[in-house]
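Student: 3D model of this:
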Amino acid sequence: MIRFLHTADWQIGMKARHVAGAGPKVRAVRFDTIRRLLELASQREVDFIIVAGDIFEDNQVDTGLVHKLLSILEQSLVPIYLLPGNHDPLTPDSVYLRPSFSNNLPPNVTILKTCEPVNPLPGVVLLPAPCYEKKSTVDPTSAWPSVASSMIKIGLAHGSLMIEGRHQPYDFPIPLTAAQRQGLDYLALGHWHSMFALGQRTYYSGTPEPTGFDEPKSGNVLLVSIA
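Tutor: Numbering: from 1, shown residues only. Got it, this is the predicted structure:
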């Protein structure tokens with residue numbers, strides 16, 4: 001049995017212009033929420049944490065906020081895997097490529113920069129689909145390689161499931177059959193800020209800290225167990 005936390009869309013450094021003078025408080029609360037998330041991971045004795053994109057609001061986020069986040073993440077008792085999303089894609093100006101970020105990356109934090117499989121535990125494989133641009137019409141999960149069927153397979157992607165009326169063609173379209181096509185035990189998605197499930201193996205965790213009043217199922221993190 002493995003157990004992990006699935007979260008996404010932290011958007012550290014969010015401008016929060018829609019709440020005017022409360023912006024600094026909104027940004028500070030996001031750090032408090034991440035601290036609570038790490039406490040939950042310890043209490044529930046999870047094996048690792050996966051963050052399915054949009055860790056930062058954008059690639060121009062203040063370096064001080066970056067250092068603050070890293071100082072919090074290094075306190076985690078379990079490994080953390082971060083996937084670049086459409087807000088913080090792996091473009092030449094990516095926050096993840098800054099020396100101030102890469103030179104201070106804690107040993108328990110991994111940035112998933114390619115689609116190559118990663119093994120967080122023996123017999124478990126992560127299949128990441130990082131974003132390399134802000135918009136794309138290409139299915140981000142299409143580049144995943146085949147892996148042994150005996151492995152517990154967990155996919156991570158950031159984009160929109162191709163549900164009529166809920167996605168745009170340039171919004172990293174993800175087929176409804178992505179989990180079945182790859183034989184995944186779980187597909188962890190980010191991008192939609194409300195928790196959403198497609199069947200029993202494909203989930204959006206939603207954002208742990210709501211960004212607006214139009215996100216009725218936000219404020220969540222998902223605890224996942226796989227036999």
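Student: assign residue 113 to helix, strand or coil.
Tutor: Of the three states, residue 113 takes coil under DSSP: H, G, I helix; E, B strand; the rest coil.
Student: can I assume it is in contact with residue 88?
Tutor: No. Using Cβ atoms under 8 Å, residue 113 is not in contact with residue 88; the gap is 12.0 Å. Where you see a C-beta, it was placed from the backbone N, CA and C, and this is true even at glycine.
Student: identify the contacts common to these two.
Tutor: Here residue 113 and residue 88 have residue 96 as joint contacts, going by Cβ atoms under 8 Å, 6 or more residues apart in numbering.
Student: can you pull the pLDDT of the residue lying closest to residue 136 once chain neighbours are set aside?
Tutor: The shortest distance from residue 136 to any non-neighbouring residue, by Cβ to Cβ, 6 or more residues apart in numbering, is to residue 172 (5.2 Å). Listed pLDDT for residue 172 reads 96.
Student: next up, the contacts around the residue most central in space within the chain.
Tutor: Nearest to the mean C-alpha position of the chain, by Cα atoms, centre = their mean, lies residue 52 at 1.6 Å. With contact set as Cβ under 8 Å, 6+ apart, residue 52 has these partners: 6-9, 83, 85, 156-158, 188-191, 205.
Student: residue 27: which of those residues is nearest?
Tutor: residue 9 (14.6 Å; Cβ to Cβ).
Student: what count of nearby residues applies to residue 164?
Tutor: 5 (other Cβ atoms under 10 Å).
Student: near residue 54, how many other residues are there?
Tutor: Using other Cβ under 10 Å, the number of residues around residue 54 comes to 26.
Student: tell me the contacts of it?
Tutor: By Cβ under 8 Å, 6+ apart, the residues touching residue 54 are 8, 9, 10, 11, 85, 86, 87, 88, 158, 190, 191.
Student: pretty sure the first one contacts residue 194?
Tutor: So the one you mean is residue 8. No. The criterion here is Cβ under 8 Å, and residue 8 misses it with residue 194 at 11.3 Å.
Student: can you map out the helices along this structure?
Tutor: Secondary structure of the chain by DSSP state H: the helices cover 23-43, 63-73, 99-102, 178-182.
Student: show me what the third one is packed up against.
Tutor: Spelled out, it's helix 99-102. Counting contacts by 3 or more Cβ pairs under 8 Å, 6 or more residues apart in numbering; DSSP states H and E, helix 99-102 is packed against helix 63-73.
Student: quick check: pLDDT value at residue 24.
Tutor: pLDDT, residue 24: 66.
Student: and what of residue 165?
Tutor: In this model, residue 165 is scored at 82, pLDDT.
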